[in-house]
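Trainee: just a sequence and a predicted model for now, questions to come.
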Amino acid sequence: MGRARGHLTKGADDMAQPRALICDDDDAVREFLREVLEGEDYLVEEAATSAETLAKAQPGSPMPHDVILLDVKMEQDGVDVLKQLRDRGIEAPIIMMTAVAPGATAAAAIQNGAVDYLVKPFDSPESVAQSVARAVAYERLKQGGEEAQFLSVNVDPRERIIGVSPQMIEIFKLVGLVARTDTTVLITGETGTGKELISEAIHASSDRRNGPMIKINCAALPESLLESMLFGHEKGAFTGALAQHKGLFEVAHRGTILLDEIGEMSLSLQAKLLRVLQDHQFERVGGTEPVKVDVRVLAATNRDLKTEVRDRRFREDLFYRLDVIEIHMPPLREKREDIPLLVSHFLEKHRYSPRSSPARISQEAVEKMRAYDWPGNVRELENVTQRAVVLSQGQVITEEHISFSGAFSRPLIDVEQRVRAGATLADLTSELQREAATVAMGLNGNNPDKAARALAITTTELGRLVEMPAAVKEPA
Ligand SMILES: Nc1ncnc2c1ncn2[C@@H]1O[C@H](COP(=O)(O)OP(=O)(O)OP(=O)(O)O)[C@@H](O)[C@H]1O
Ligand SMILES: [Mg+2]
């Protein structure tokens, strides 16, 4: 063991040399780590007890350690030592080491600010060196005031919809133009491009902003249910219709209604909708009295309605009624210049904890995001950013925190956690069924017929499984 070499002297040559503190009660482990780290040109110090660890890691030292490797099991609990180090203001990255299978301790260690968790016996000297190098590089990135390395864009936290690309500027202008009118607007674009968000913007900048904004997803419900949701029904209109019920068109009176996924509406409902657009009136299901309403209609779809018209799945007359103004939301890959801004926006929006400041993100990480194609568009970007915030503990997001594969699909049910929480087999089965229905809808362009076929169930069964539509009433 190179005792003398571990002695710290403050010489000019030491300035750039990283310093490590190894804390373990096992001599052999300390010796192994010293060899590995000295091989990587570290200046190494050792501590064999918790007390020695706390004494050597002096806060405010002019030569702080760049990394601390801390055994979980010395005479004092390692996680406690970790907490004490943090409480004393020691900021060096701390790597925990354990000889027992990591479980709750690993979680507790990470939660208390450990950057990594190594299991003894170590896989190889290289894996240890790698973990240490990563921790030190990461810390330098965090400390290094070279702001140019980080994305720095100012976003207004009050803005809900963001964009600087020429396409988005054109869209904002168009929203301004249509807002004052009662014109029907058809909002098109791939999934996750912001169709719903733009519909909200139209409502919010219109004279109807103090009225209700109602959204209904036409793909999520079987036809008969959708009809009575939209138009309401009279008492006794069908079995179970115990009282008169107002439809969403009535609820949306003096406000705006968004018919989301309009491409999925059945032809017979399309006829009824056409009449509302022409005459501003309709009858409730099972009723004869016309109901008059003053509602602005917005429609959204990720289908190409012209093709739907050609294939006779969508009424041509309704198409022309809806398509007075079309706002096409471009896919994210066609407006990559918005990515840095959107990332900043989502970092503001998704803090690690309520009291954290927004995470920072390295330029390399942003470049990685700019290069990707984003099949799930802005929604996927938001998910990936949110995930990176968690993985980086809300500190600095680097390339390694950015992963795309599977990030767009929803997380599967955490069976263990659900069972712990007291879920029964019946609960889990129905959760899995709902999950499957949602996934199948996503994979089949939100077409309930196709999704049902994929799962070999009926469309009605699928309708029951898919979540109820978001018929949200905006506060005035
Ligand atoms: N320009 C933008 N600025 C800020 N957030 C955005 C923007 N575009 C989309 N988002 C966010 O991305 C997510 C998806 O947007 P939205 O629900 O409006 O998409 P959509 O086109 O309706 O998708 P789908 O077709 O799947 O229903 C939302 O969380 C939304 O807030
Ligand atoms: Mg939508």
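Mentor: On my side now, so go ahead. Numbers count the residues shown, from 1 in each chain. Ligands and ions are numbered 1, 2, ... in the order given.
Trainee: point me to the residue of the stretch 151-300 of the chain nearest ligand 1.
Mentor: When distances are taken as C-beta to the nearest ligand atom, the stretch 151-300 of the chain reaches nearest to ligand 1 at G194, 2.8 Å away. In short, each C-beta sits where N, CA and C put it, glycine included.
Trainee: who are the packing partners of the helix or strand where H345 lies?
Mentor: Counting by DSSP states H and E, the element that carries H345 is helix 339-349. Judged by 3 or more C-beta pairs under 8 Å, 6 or more residues apart in numbering; DSSP states H and E, helix 339-349 is in contact with strand 360-361, helix 363-371, helix 377-391.
Trainee: to ligand 1, which of those lies closest?
Mentor: Comparison of the helices and strands packed on helix 339-349 against ligand 1 by C-beta to the nearest ligand atom identifies helix 377-391 as nearest, at 3.4 Å.
Trainee: what residues does the helix or strand just after that closest one touch?
Mentor: Downstream of helix 377-391, the first helix or strand assigned by DSSP H and E is strand 396-397. Strand 396-397 has contacts (C-beta atoms under 8 Å, 6 or more residues apart in numbering) with Y138, L141, K142, F150, A359, R360, I361, S362, A365, A388, V389, L391.
Trainee: swap in stretch 192-207?
Mentor: Outside stretch 192-207, the residues that reach it (C-beta under 8 Å, 6+ apart) are 160-161, 171, 175-176, 178-180, 185, 187-189, 209, 213, 215, 255-256, 258, 260, 296, 298, 300, 302, 327, 329-332, 376-380, 474.
Trainee: check these against ligand 1, which are close?
Mentor: Checked against ligand 1 using C-beta under 6 Å from any ligand atom, those yield the following neighbours: I161, G189, N302, V378, R379.
Trainee: give me the pLDDT for the second one.
Mentor: We note a pLDDT of 95 for G189 in this prediction.
Trainee: so what's I110 up against?
Mentor: Neighbours of I110 in contact, by C-beta under 8 Å, 6+ apart: Y117, Q393.
Trainee: so for it, what's the pLDDT?
Mentor: The model reports I110 with a pLDDT of 78.
Trainee: how far away is it from W374?
Mentor: Separation of I110 from W374 (C-beta to C-beta, to the nearest Å): 30 Å.
Trainee: ditto for E200
Mentor: 22 Å.
Trainee: comparing the two, which residue is more hemmed in?
Mentor: More crowded of E200 and W374, by other C-beta atoms under 10 Å: W374, with 23 against 19.
Trainee: give me the helices and strands touching the host helix or strand of K450, please.
Mentor: K450 is part of helix 448-455, with elements assigned from DSSP H and E. Under the contact definition 3+ C-beta pairs under 8 Å, 6+ apart, helix 448-455 sits against helix 425-443, helix 459-465.
Trainee: now do the first one against helix 448-455, angle only.
Mentor: Right, the one you point to is helix 425-443. Orientation of helix 425-443 against helix 448-455 (axes from the mean of the first three to the mean of the last three C-alpha atoms, to 10 degrees) gives an angle of 120 degrees.
Trainee: then helix 425-443 to PDB, C-alphas only?
Mentor: Coordinates of each C-alpha in helix 425-443 appear next as PDB, following Å, rounded to 0.1, in the frame of the first residue of the first chain:
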ATOM      1  CA  LEU A 425     -55.800  -9.800  -9.200                       C
ATOM      2  CA  ALA A 426     -59.100  -8.400 -10.600                       C
ATOM      3  CA  ASP A 427     -57.700  -4.900 -10.200                       C
ATOM      4  CA  LEU A 428     -54.500  -5.800 -12.000                       C
ATOM      5  CA  THR A 429     -56.400  -7.600 -14.800                       C
ATOM      6  CA  SER A 430     -58.600  -4.700 -15.500                       C
ATOM      7  CA  GLU A 431     -55.700  -2.300 -15.400                       C
ATOM      8  CA  LEU A 432     -53.800  -4.500 -17.900                       C
ATOM      9  CA  GLN A 433     -56.900  -4.600 -20.100                       C
ATOM     10  CA  ARG A 434     -57.200  -0.800 -20.100                       C
ATOM     11  CA  GLU A 435     -53.500  -0.400 -20.800                       C
ATOM     12  CA  ALA A 436     -53.800  -2.800 -23.700                       C
ATOM     13  CA  ALA A 437     -56.800  -0.900 -25.100                       C
ATOM     14  CA  THR A 438     -55.000   2.400 -24.900                       C
ATOM     15  CA  VAL A 439     -51.800   1.000 -26.500                       C
ATOM     16  CA  ALA A 440     -53.900  -0.700 -29.300                       C
ATOM     17  CA  MET A 441     -55.600   2.700 -30.000                       C
ATOM     18  CA  GLY A 442     -52.300   4.400 -30.300                       C
ATOM     19  CA  LEU A 443     -50.900   1.800 -32.600                       C
END
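Trainee: use 24 as the first number for this chain going forward.
Mentor: In the new count, where the first residue is 24, that last one comes out as helix 448-466.
Trainee: that helix and ligand 1 in contact?
Mentor: No. Using C-beta under 6 Å from any ligand atom, helix 448-466 never reaches ligand 1; the gap is at least 8.3 Å.
Trainee: can you give me the offset of that helix from its chain's centre?
Mentor: 20 Å (C-alpha atoms, centre = their mean, to the nearest Å).
Trainee: may I see the buried residues of that helix?
Mentor: Judged by neighbour count using 16 or more other C-beta atoms under 10 Å, the buried positions of helix 448-466 are Q456, A459, A460, T461, V462, A463, M464.
Trainee: pLDDT value on the first one, please?
Mentor: Think Q456. 86.
Trainee: what sits against it?
Mentor: L488.
Trainee: re earlier: flag every buried residue along the helix holding H368.
Mentor: Those would be I362, P363, L364, L365, V366, S367, H368, F369, L370, E371, for helix 362-372 by 16+ other C-beta under 10 Å.
Trainee: so it versus helix 400-414, what angle?
Mentor: If you take the same axes, to 10 degrees, helix 362-372 sits at 50 degrees to helix 400-414.
Trainee: run the chain-centre distance for helix 362-372.
Mentor: With C-alpha atoms, centre = their mean, you get 12 Å for helix 362-372.
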